[in-house]
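A.B. asks: Structural data only, the sequence is not supplied:
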């Protein structure tokens with residue numbers, strides 16, 4: 001007995017010694033590995049990277065941006081079903097252990113010892129707390145040191161944080177495959193559901209993923225995924241989280257991935273990219289990709305869809321006039337043509353078209369095949385547009401047979417032919433046999449297709465609310481997938497004549513009116529020593545003579561615009577352009593008055609918005625509001641404060657009035673005068689195509705030199721839109737390319753649909769504007785019996801027509817010229833010159849400058865250099881005969897030009913520069929009358 005007692009005592013003492021040694025060793029290990037551990041208190045300020053989401057105006061998802069696709073959900077909002085699934089799969093004793101599951105650890109040791117040497121995977125015993133420690137504070141390194149540190153930190157975290165907080169960190173941080181972080185993002189992207197909509201089977205699948213998410217992919221490894229899901233369902237049943245019936249139903253459920261439907265998303269890539277750029281500018285890269293912003297964009301999906309479709313339609317229509325550039329690719333191997341098509345890969349910028357391979361060709365049709373093995377036909381009658389082009393870009397001969405366009409082995413883009421209206425192509429000389437064959441093949445039942453090609457031309461269309469600056473629709477080219485370059489906001493192009501309203505706005509501010517008479521006649525400008533004369537022309541190569549400012553804008557007369565800019569000065573024009581935001585800094589040269597300085601379509605639309613809204617400043621925006629991850633508004637485009645908007649209940653009082661804090665950048669009367677003139681451009685001018693909309697619209701066409709860029713910017717009272725077309729590498733769109741011919745129809749078609757349900761609202765007339773009935777030709781008050789049509793013209797008080805109108809004739813700079821001193825032409829008359837020295841004759845005056853009448857002398861040339869300086873154009877009243885020099889109609893009227901210089905050939909004019917004519921512009925004292933000479937018949 002004593003021996004047994006001694007043995008027991010020995011072992012007890014040994015155990016105590018070992019325990020003490022173990023405790024000391026554990027303490028030493030703890031002290032060793034406790035040094036330099038990460039600060040676990042950082043978990044208190046958990047701020048994970050969260051997905052930023054951008055929503056369209058109707059609430060559909062427009063875009064997402066994230067470094068980790070995560071939606072943070074507080075533990076209180078995570079359903080019990082989801083929590084129980086993860087606890088069953090990962091840590092069933094989570095709410096009872098202190099951070100380390102000792103029984104689970106011991107069991108894992110025995111299981112791994114038993115399975116040692118087999119091909120079974122080693123099991124772990126990490127708790128959820130340990131996984132949080134590893135994911136947040138440590139690495140995935142497999143080592144004893146990392147496991148010891150993990151255990152130490154898990155114990156500390158359990159003391160510092162509640163179980164629910166630890167579980168919240170875990171469920172929002174865990175990676176669940178396919179780029180999804182956290183349970184909420186995984187539920188959306190695997191099943192297109194929120195967490196509270198998940199079934200038992202779906203929750204079990206999410207809980208099956210943390211172990212090895214890539215190994216349980218639904219699409220790649222469906223059998224393994226289902227097996228793992230069913231195992232989690234069994235654990236949930238074993239732990240009492242579900243009933244046997246629920247478990248059987250969950251196991252029987254099919255495991256299918258459901259992506260978000262197209263109805264829940266809206267695609268507008270160019271628009272989304274502009275929103276992204278603005279967010280980066282405001283909140284930085286981290287703010288966009290990590291802070292989980294919720295962004296409401298201004299885009300109106302209905303208008304955006306119209307803009308995309310209409311622009312695409314017209315780009316294709318123009319491109320068809322340029323002929324056929326050839327197939328996407330060609331192959332001579334048709335034995336396995338489906339494989340050949342597959343090697344082509346995905347071409348996302350084909351829009352709604354499909355790639356197809358030409359299998360056989362004869363005179364009447366081409367048989368084509370698709371990747372899925374189906375076949376179709378392209379008929380000759382639909383190929384008339386597809387004339388080949390030579391290396392110089394010239395169109396080849398007309399298409400007589402399908403073989404002129406296509407060959408077997410060509411891979412082309414096609415679109416299903418859905419109606420006979422698609423047959424816009426007509427072959428002028430389609431032979432009878434080919435026509436009959438085409439009808440027979442159509443009767444055979446094969447589907448018909450139309451040949452398509454990606455347009456070379458590009459362009460942009462923008463629609464904006466003119467009162468707020470909210471961009472409602474924007475398309476920046478054919479396809480964002482083809483080119484991310486946005487022609488609406490990034491392309492710097494010359495606006496051409498669409499800039500002219502800015503010039504005339506400056507003139508209105510300077511005191512002129514829409515009835516002001518401006519001379520439309522040749523002009524040449526001395527550009528300086530060594531430079532040629534600048535001799536701008538009208539697009540039509542003709543002249544109107546004296547015409548009203550309204551006519552000059554309606555008919556887009558270049559020479560009238562230049563004379564107006566000369567008269568008021570380019571400094572004034574530049575100031576107005578900069579004030580309206582067309583450019584930041586404008587070059588003050590006369591060429592700029594014709595729209596030579598580059599700008600963007602967005603800036604032009606913004607400037608026109610300020611015209612139609614009564615002269616209020618607008619700042620174009622793509623974003624209405626931005627909220628942070630906690631729901632606080634961190635940006636709002638509308639910065640107005642609404643006193644009285646926050647009420648607990650409605651008491652019947654009238655709604656509060658929001659203050660109008662917009663800056664006034666134009667006088668409302670001047671703005672309306674311009675609106676009225678631009679309405680005339682649509683009704684009687686270069687944009688007559690827009691009249692088909694049938695509602696009050698106004699706008700201006702724009703065409704640059706050689707038709708490189710064509711524009712139309714216009715508006716209704718509550719919607720402004722702009723269209724730009726051109727090649728990315730600028731070149732002519734064709735000899736007949738104009739804004740009225742190419743861009744205005746795009747605006748027209750867009751507005752027809754955009755305003756389909758809107759009433760025909762007239763343009764709003766501000767207080768203080770007087771509407772006077774005037775003669776559309778002369779600008780004078782309308783009198784019964786006048787030639788021309790009466791129109792209502794807008795005037796500011798005191799500027800109405802009085803019968804005495806001043807003609808804006810402009811100035812020209814004189815400089816040295818060779819030979820006999822040919823003078824810069826200043827105006828247009830019977831002999832080609834008004835108010836200047838010329839070789840066509842002299843004018844008889846006395847010393848007082850009054851015409852005395854009498855016989856005209858024979859023409860005498862003037863010689864020598866003209867003195868430097870500026871002069872008025874000095875256009876004479878109408879009524880002279882062709883071949884006669886310009887002079888007053890009646891004797892006794894002052895003559896505006898000075899006598900010609902009396903110099904002999906070879907003599908030099910005095911070097912001292914003197915004005916050739918008075919620098920003050922003199923009024924024409926005799927009313928204009930018709931004459932018999934000249935290109936237009938009117939002077």
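C.D. replies: Received the coordinates, thanks. Predicted model, so just to flag it, every value in this text is computed and none were measured.
A.B. asks: Could you use CA atoms for every contact and neighbour count after this?
C.D. replies: Will do.
A.B. asks: just checking, residue 624 touches residue 633?
C.D. replies: No - counting by C-alpha atoms under 8 Å, residue 624 stays clear of residue 633, with 10.8 Å between them.
A.B. asks: Look at these two and report which has more neighbours.
C.D. replies: The neighbour count for residue 624 versus residue 633, taken as other C-alpha atoms under 10 Å, is higher for residue 624 (17 against 14).
A.B. asks: for the more buried one, what are its contacts?
C.D. replies: 295-298, 470, 636-638 (C-alpha atoms under 8 Å, 6 or more residues apart in numbering).
A.B. asks: any idea which element it lies in?
C.D. replies: strand 623-627 (DSSP states H and E).
A.B. asks: now residue 780: how far from residue 706?
C.D. replies: 36 Å (C-alpha to C-alpha, to the nearest Å).
A.B. asks: more neighbours, those two?
C.D. replies: Using other C-alpha under 10 Å, the more surrounded residue of residue 780 and residue 706 is residue 780, with 22 against 14.
A.B. asks: ok, that one to residue 65 distance?
C.D. replies: With distances taken as C-alpha to C-alpha, residue 780 is found 61 Å from residue 65.
A.B. asks: got it, and residue 623?
C.D. replies: Distance of residue 623 to residue 65, computed by C-alpha to C-alpha: 16 Å.
A.B. asks: Likewise for residue 730?
C.D. replies: 34 Å.
A.B. asks: Among the two, which residue is more densely surrounded?
C.D. replies: Set residue 730 next to residue 65 and count neighbours by other C-alpha under 10 Å: residue 65 wins out with 17 against 12.
A.B. asks: Let me see the contact set for that one.
C.D. replies: Residue 65 neighbours (C-alpha under 8 Å, 6+ apart): 51-53, 288-289.
A.B. asks: of the residues you listed, closest to residue 448?
C.D. replies: Distance to residue 448 across these (C-alpha to C-alpha) is lowest for residue 53, with 41.6 Å.
A.B. asks: Which strand residues bridge the closest one?
C.D. replies: residue 64, residue 294 (DSSP bridges).
A.B. asks: what about it, neighbour count?
C.D. replies: Residue 53: 20 surrounding residues under other C-alpha under 10 Å.
A.B. asks: is it true that it touches residue 297?
C.D. replies: No - contact criterion C-alpha under 8 Å: residue 53 and residue 297 do not qualify, at 10.2 Å.
A.B. asks: Averaging pLDDT per element, find the lowest-scoring helix or strand in this structure.
C.D. replies: Lowest by mean pLDDT, DSSP states H and E among the helices and strands of the chain is helix 432-443, with a mean of 49.
A.B. asks: which stretches of the stretch 401-550 of the chain have low pLDDT?
C.D. replies: Counting by pLDDT under 70, the stretch 401-550 of the chain contains low-confidence ranges at 419-444.
A.B. asks: the strands in it, which residues?
C.D. replies: In the stretch 401-550 of the chain, the strands defined using DSSP state E, counting those that start in this stretch lie at 410-416, 449-452, 458-464, 471-475, 517-520, 545-548.
A.B. asks: And for the stretch 601-750 of the chain?
C.D. replies: Using DSSP E, counting those that start in this stretch, the strands found in the stretch 601-750 of the chain span residues 623-627, 633-636, 698-703, 709-716, 719-726.
A.B. asks: Check which residues of the second one are buried.
C.D. replies: Same thing as strand 633-636. For strand 633-636, a neighbour-count test (16 or more other C-alpha atoms under 10 Å) marks residue 635 as buried.
A.B. asks: give me the element residue 315 is part of.
C.D. replies: For residue 315, the host element (DSSP H and E) is helix 301-320.
A.B. asks: got a list of contacts for whatever helix or strand comes next after that helix?
C.D. replies: Tracing the chain past helix 301-320, the next element assigned as helix or strand by DSSP H and E is strand 329-330. With C-alpha under 8 Å, 6+ apart as the test, strand 329-330 has contacts from 409-412.
A.B. asks: other SSEs contacting the helix or strand following strand 329-330?
C.D. replies: Where DSSP H and E defines the elements, the next helix or strand beyond strand 329-330 is helix 337-344. Helices and strands touching helix 337-344, by 3 or more C-alpha pairs under 8 Å, 6 or more residues apart in numbering; DSSP states H and E, are strand 354-361.
A.B. asks: in its sheet, what does the helix or strand that the strand it packs on is followed by sit against?
C.D. replies: With elements assigned by DSSP H and E, the helix or strand that comes after strand 354-361 is strand 365-369. Using DSSP bridges, the strands paired with strand 365-369 are strand 354-361 (antiparallel), strand 375-379 (antiparallel).
A.B. asks: okay if I get these as a markdown table plus mean neighbour count?
C.D. replies: Shown next, in a markdown table, are the strands paired with strand 365-369 (neighbours: other C-alpha atoms under 10 Å):
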| stretch | mean neighbour count |
| --- | --- |
| strand 354-361 | 22 |
| strand 375-379 | 23 |
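A.B. asks: now those strands in JSON lines, with mean pLDDT and distance to residue 227?
C.D. replies: As requested, the strands paired with strand 365-369 are exported to JSON lines (pLDDT from 0 to 100; distance: least, C-alpha to C-alpha, whole Å):
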{"stretch": "strand 354-361", "mean pLDDT": "94", "distance to residue 227": "39"}
{"stretch": "strand 375-379", "mean pLDDT": "94", "distance to residue 227": "42"}
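A.B. asks: Make JSON lines out of those strands and add distance to residue 454.
C.D. replies: Output for those, formatted as JSON lines (distance: least, C-alpha to C-alpha, whole Å):
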{"stretch": "strand 354-361", "distance to residue 454": "12"}
{"stretch": "strand 375-379", "distance to residue 454": "18"}
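A.B. asks: And these: which comes nearest residue 646?
C.D. replies: Proximity to residue 646 (C-alpha to C-alpha) singles out strand 354-361 among the strands paired with strand 365-369, at 54.0 Å.
A.B. asks: how far off strand 410-416 does that closest one point, in degrees?
C.D. replies: Angle of strand 354-361 versus strand 410-416, following axes from the mean of the first three to the mean of the last three C-alpha atoms, to 10 degrees, is 120 degrees.
A.B. asks: Next, the angle helix 337-344 makes with strand 354-361.
C.D. replies: Angle, strand 354-361 to helix 337-344, by the same axes, to 10 degrees: 140 degrees.
A.B. asks: Can you name the residues in contact with strand 354-361?
C.D. replies: So strand 354-361 is in contact with 334, 337, 341, 366-371, 402-403, 406-415, going by C-alpha under 8 Å, 6+ apart.
A.B. asks: Can you turn the buried subset of these into a selection I can paste into ChimeraX?
C.D. replies: Buried residues within the contacts of strand 354-361, by 16+ other C-alpha under 10 Å, are selected in ChimeraX with:
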select :337,341,366,367,368,369,370,371,402,403,406,407,408,409,410,411,412,413,414,415
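A.B. asks: How about the contacts made by the nearest residue to residue 786 once chain neighbours are set aside?
C.D. replies: Sequence neighbours aside, residue 775 is the residue nearest to residue 786 in space, at 7.4 Å (criterion: C-alpha to C-alpha, 6 or more residues apart in numbering). For residue 775, the contacting residues are 781-783, 786-791, by C-alpha under 8 Å, 6+ apart.
A.B. asks: repeat that with 7 Å
C.D. replies: Contacts for residue 775 (C-alpha atoms under 7 Å, 6 or more residues apart in numbering) come out as 781-782, 788-791.
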